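Asker: Next comes the sequence, and after it the predicted model I'd like to discuss.
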Amino acid sequence: MTAATPIRVALIGLGKIARDQHLPAMAADPRFALVAVVSRHAEQPGLPSFHTFDDLLASGVAFDAVALCTPPQVRHGLARQALEAGKHVMLEKPPGATLSEVEDLRQVAQARDVTLQTTWHSRHAPAVAPAREWLAGKTITAARINWREDVRVWHPGQDWIWEPGGLGVFDPGINALSIATAVLPRPFFLTEATLHVPENRQSPIQAELAFVDTAGVPVTAAFDFLQTGPQSWDIEVDTDGGALRLSHGGARLWIDGALVHEQPEAEYPGLYARFAELIASGQSDVDVTPLRHVADAFLLGRRVTAPAFVE
C-alpha cells in the first residue's frame, strides 16, 4: 500500500490515549486513513461510529487494520476476531492481560498471514536510540529506574486500571521497563519485589523492584502513582565511561550531567511508521519482554496493604 492507497484503519476504543495520540498520529501520516470508530461511549465526527466490533463487521465498511485502544482486559477477544477476519492489528500497551493471550494472538496472526504489532511507545522516545548506542561496548555497573507520576492526572476516572489485568502502577511502569529492555545490553531478571496495594483496590499503587542481569549487575526500579508536583520518568545507568541519565520518559539524554540529546516527542508517529513497514513487508512484531517482567513481579512480589485510594 502507498500514500495513494492508504491503510484503512478502524480505531477500537476512543478514550484518552486514542484522542491524545492515535488520532493525530494517523492524521499526520498519509499511509493511513481512519475510516471507522468503535466505542461504547463516544463517536468521532465525520466518521462511521459503531458500538461494537460486530456492528462494524456487519456494516460493510471496508477496512484493512484495527488499532486496539481498549483496556487490556477485553483486548484479546477483539484482537482475535480482527485477525481471524484477515485484518492487521496494532495492540496498545500492554498488549494483553496475560502472556498466554498474546501468544495466542501471535499464532493466529501467523496462521492468517496478517500483521500483529505489540506497541511499546516509550521505545520511540527520541533519546532512547542514542542511549542504546552510547551504552554499547561500555561496562555497566548499576542501573536505576525512577518512574513516578500522579494517577489522578494521567488516568482520571479510569477504574479499569485498578482491576485485575489493569496493572495499576505498572501501567506507566511498563513504559520504563520497555525502555530498559531496549537500552541495556543484557537480559535482566527479577529477584524481589514489593507491591503496595490500596485496601480498596486490586492492583498496586506503588512498587519497588530489584533485578540482576546475566553479568550480576543490579537493576532497581521504583514506581509510584501518587507523585504530586513535578513528575519523574528517569533511568540512570552507571558505566566505566560515565553516568547516563534518560529523563522525561526518554526524551532527554544526559551524560555526566550534561544534556547531549533532546528532540520533540514523536512516539506515536514512530509506532505508526513501524506498523506501515510491518504491513508492507508482511511481518509481525510481537515482543512481550516488558509484560513478562510485570508478570514476574505479580508472581514473585510481596503484597503490602496500602491506605485506601480515593480519586
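Answerer: Received, thanks. Numbers count the residues shown, from 1 in each chain.
Asker: and residue 175, what does it touch?
Answerer: Neighbour list for residue 175: 93, 120, 121, 122, 147, 233, 249 [criterion: C-beta atoms under 8 Å, 6 or more residues apart in numbering]. All C-beta spots, glycine's among them, are computed from the backbone N, C-alpha and C.
Asker: swap that for residue 305, please
Answerer: With contact set as C-beta under 8 Å, 6+ apart, residue 305 has these partners: 196, 197, 198, 199.
Asker: For the stretch 1-150 of the chain, which segments are assigned as helices?
Answerer: Along the stretch 1-150 of the chain, the segments classed as helices by DSSP state H, counting those that start in this stretch run 16-17, 23-27, 53-59, 75-84, 99-112, 128-135.
Asker: To residue 293, which of those helices lies closest?
Answerer: helix 99-112 (11.0 Å; C-beta to C-beta).
Asker: That closest one to helix 75-84, inter-axis angle?
Answerer: Interaxial angle, helix 99-112 versus helix 75-84 (axes from the mean of the first three to the mean of the last three C-alpha atoms, to 10 degrees): 0 degrees.
Asker: by contact count, what packs against helix 99-112?
Answerer: helix 75-84, strand 88-91, strand 116-118, helix 289-300 (3 or more C-beta pairs under 8 Å, 6 or more residues apart in numbering; DSSP states H and E).
Asker: List the buried residues for it?
Answerer: 101, 102, 104, 105, 106, 108, 109, 112 (16 or more other C-beta atoms under 10 Å).
Asker: got TSV for those residues, with pLDDT and distance to residue 243 too?
Answerer: Output for the buried residues of helix 99-112, formatted as TSV (pLDDT from 0 to 100; distance: C-beta to C-beta, whole Å):
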residue	pLDDT	distance to residue 243
101	97	39
102	98	35
104	98	42
105	98	40
106	98	38
108	98	45
109	98	41
112	98	47
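Asker: List just the nearest of the residues you listed to residue 57.
Answerer: Residue 57 has its nearest neighbour among these in residue 112, at 15.0 Å by C-beta to C-beta.
Asker: Quick one: residues contacting the nearest residue in space to that closest one that is not next to it in sequence.
Answerer: In this structure, residue 112 finds its nearest non-sequential neighbour in residue 83, 5.5 Å apart by C-beta to C-beta, 6 or more residues apart in numbering. With contacts defined as C-beta under 8 Å, 6+ apart, residue 83 is in contact with 89, 105, 108, 109, 112, 114, 116.
Asker: And for residue 213, the neighbour number?
Answerer: Residues near residue 213, counting by other C-beta atoms under 10 Å, number 16.
Asker: Give the closest residue to it in space, chain neighbours not counted.
Answerer: Residue 213's closest residue in space is residue 188 (C-beta to C-beta, 6+ apart), at 4.0 Å.
Asker: so the one you found makes contact with residue 219?
Answerer: Yes: taking contacts as C-beta atoms under 8 Å, residue 188 lies within contact range of residue 219: 4.9 Å.
Asker: Compare these two (neighbour count), which wins?
Answerer: residue 219 (24 against 19).
Asker: measure residue 64 to residue 172 for me?
Answerer: For residue 64, the distance to residue 172 (C-beta to C-beta, to the nearest Å) stands at 31 Å.
Asker: Now do the contacts for the closest residue to residue 18 other than its chain neighbours.
Answerer: Spatial nearest neighbour of residue 18, chain neighbours left out: residue 69 (4.2 Å); criterion: C-beta to C-beta, 6+ apart. Taking C-beta under 8 Å, 6+ apart as the criterion, residue 69 is in contact with 11, 12, 13, 14, 15, 17, 18, 22, 92.
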